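**Student:** 3D model of this:
(one chain, ligands or ions: 1)
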Amino acid sequence: MIQLYAPLNFLGVLYREIKQGLTDLERMFGLLRANREVEDGTDAPALRVSHGPEVRFERVSFAYDSDRPILSEVDFTMRPGTITAVVGPSGAGKSTLARLLYRFYDVSGGRILVDGQDIRSVTQHSLRAAIGIVPQDTVLFNDTLGYNVAYGRPGASAAEIEDVCRSAQLHGFIARLPQGYETPVGERGLKLSGGEKQRVAIARMLLKDPAILVLDEATSALDTRNEQAIQGALRTAAAGRTTLVIAHRLSTVVDADRVLVLDHGRIAESGTHAALLEQDGVYARMWEAQAQQPEEPPALPDAEGAS
Ligand code: ATP
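**Tutor:** Residues are numbered from 1 along each chain as shown. As a prediction, the model looks like this:
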């Protein structure tokens, strides 16, 4: 019995971690289909999606456990091709928005619409094919850098891989490694920094070429060089897509078309960075608090100077 239970328990833990970490391992979902909490409706059609669709959260409420509401009537529209950044204190429900959009869980109230289609009415496969997720902590396989990027679209050519790595501001770094794209990474190879791993995830996502992009920013502070490289990569990646950034560090929000301030599961404020500073409310105080944090490490020469 114990022998049977142990692997099942392991699968349960693994499944929860994958959900939590928003890792983009659709193949894994295939394996774990039996564990799914959300189901396709009978004869559900595929999502029809334009490049850079409109995404609407319509009075969305959600609770993981029925006695503890996480989101209450959250209502906003991401206009086609724009960047929406969500900020707010830890535990406010920011990552939950992304989990609901990817349909790891179904909303408890309201609905989420992509180009006017309720995401519960279409196949999960077509929904997930339309969304590219750049998770907080990217899983790297014990394989080469090239393989790790190509995972975004198995079968991609070397030229395509190099192309997306340039856009993700990663090519210069890779080109300077003695083994280049053949460099082994992961547990038994080169250890990448958090910022470099996120750029691998951005490159992967670019190969997938989804209409909707979700970036769950790393919570940890990045050095200035990595921060700038991520911002540059994100601007390129977001062009022509509808983008949701779960912003943990406030640095991405300056460029966002719209910032949502989530507090206790509700939208407390929304507007551009400049308008929210002007408003002098919750956001302005968060900004001041971050400005008072200790200095970041000094900037190093631009990593992409040689690419
Ligand atoms: P952070 O900035 O720390 O990442 P967040 O705003 O992204 O926080 P969420 O991850 O969306 O917050 O979590 C919102 C709340 O939901 C938290 O209180 C968290 O403890 C709770 N929560 C998250 N995942 C689960 C889960 N699987 N089951 C129960 N509660 C959960």
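
**Student:** check what pLDDT the spatially closest residue to I70 that is not a sequence neighbour gets.
**Tutor:** Closest residue to I70 apart from its sequence neighbours, by C-beta to C-beta, 6 or more residues apart in numbering: G93 at 4.8 Å. Just so you know, the C-beta spots here come from the backbone N, C-alpha and C atoms, and that holds for glycine as well. Taken from the predicted model, the pLDDT recorded for G93 is 92.

**Student:** what of V164?
**Tutor:** Per-residue confidence (pLDDT) for V164: 94.

**Student:** didn't it look like it was pressed against A203?
**Tutor:** Yes - using C-beta atoms under 8 Å, V164 is in contact with A203, at 4.5 Å.

**Student:** overlap in contacts of those two?
**Tutor:** When C-beta atoms under 8 Å, 6 or more residues apart in numbering defines a contact, the residues bordering V164 and A203 alike are 149, 152.

**Student:** these two - which one has more neighbours?
**Tutor:** Comparing V164 with A203 by neighbour count (other C-beta atoms under 10 Å), the higher total belongs to A203, at 30 against 26.

**Student:** quick check, the more buried one in a helix?
**Tutor:** Yes - according to DSSP: H, G, I helix; E, B strand; the rest coil, A203 belongs to a helix.

**Student:** spit out the contact partners of it.
**Tutor:** Taking C-beta under 8 Å, 6+ apart as the definition, contacts of A203 comprise 149, 152, 161, 164-165, 167-168, 170.

**Student:** lowest-confidence entry in those?
**Tutor:** For pLDDT, the smallest value among the contacts of A203 belongs to G152: 82.

**Student:** in this protein, which ranges drop under the pLDDT threshold?
**Tutor:** In the predicted model of the chain, residues 1-36, 219-222, 293-307 satisfy pLDDT under 70.

**Student:** please list the residues of it that sit near the ligand.
**Tutor:** Proximity of the chain to the ligand, by C-beta under 6 Å from any ligand atom, involves residues 64-65, 70, 88, 90-96, 248.

**Student:** any of these buried? List them.
**Tutor:** Among the residues of the chain next to the ligand, those classed as buried by neighbour count (16 or more other C-beta atoms under 10 Å) are 70, 88, 92-96, 248.

**Student:** in the stretch 201-307 of the chain, which residue sits closest to the ligand?
**Tutor:** Distances between the stretch 201-307 of the chain and the ligand by C-beta to the nearest ligand atom are smallest at H248, namely 5.6 Å.

**Student:** R199 touches E227, doesn't it?
**Tutor:** No - counting by C-beta under 8 Å, no contact exists between R199 and E227, whose distance comes to 11.5 Å.

**Student:** neighbour count winner among these two?
**Tutor:** Under the neighbour definition other C-beta under 10 Å, R199 and E227 were set side by side, and R199 has more, 31 against 18.

**Student:** quick one: that one is in a helix?
**Tutor:** Yes - with three-state DSSP as the criterion, R199 is located in a helix.

**Student:** gap between it and the ligand?
**Tutor:** Distance, R199 to the ligand, by C-beta to the nearest ligand atom, to the nearest Å: 20 Å.

**Student:** same deal with P80?
**Tutor:** Plainly put, P80 is 25 Å away from the ligand if you go by C-beta to the nearest ligand atom.

**Student:** and S167, by the same measure?
**Tutor:** As for S167, its distance to the ligand is 27 Å (criterion: C-beta to the nearest ligand atom).

**Student:** again, but for R48
**Tutor:** With the distance defined as C-beta to the nearest ligand atom, R48 ends up 29 Å from the ligand.

**Student:** ok, back up a step: the ligand: which of the contacts of A203 is nearest?
**Tutor:** Proximity of the contacts of A203 to the ligand, judged by C-beta to the nearest ligand atom, is greatest for A168, which lies at 23.1 Å.

**Student:** that older thread, pretty sure the residue nearest to I70 sits against G265.
**Tutor:** Yes - using C-beta under 8 Å as the test, G93 is close enough to G265 to be in contact (4.9 Å).

**Student:** find residues that contact each of those two.
**Tutor:** Overlap of the contact sets of G93 and G265 (by C-beta under 8 Å, 6+ apart) consists of 70-71, 74.

**Student:** please narrow those residues to those residing in strands.
**Tutor:** Helix and strand membership here follows DSSP state E; of the shared contacts of G93 and G265, those in strands are 71, 74.

**Student:** just the closest of the shared contacts of G93 and G265 to E54, please.
**Tutor:** Proximity to E54 was ranked across the shared contacts of G93 and G265 by C-beta to C-beta; first place goes to V74, at 16.4 Å.
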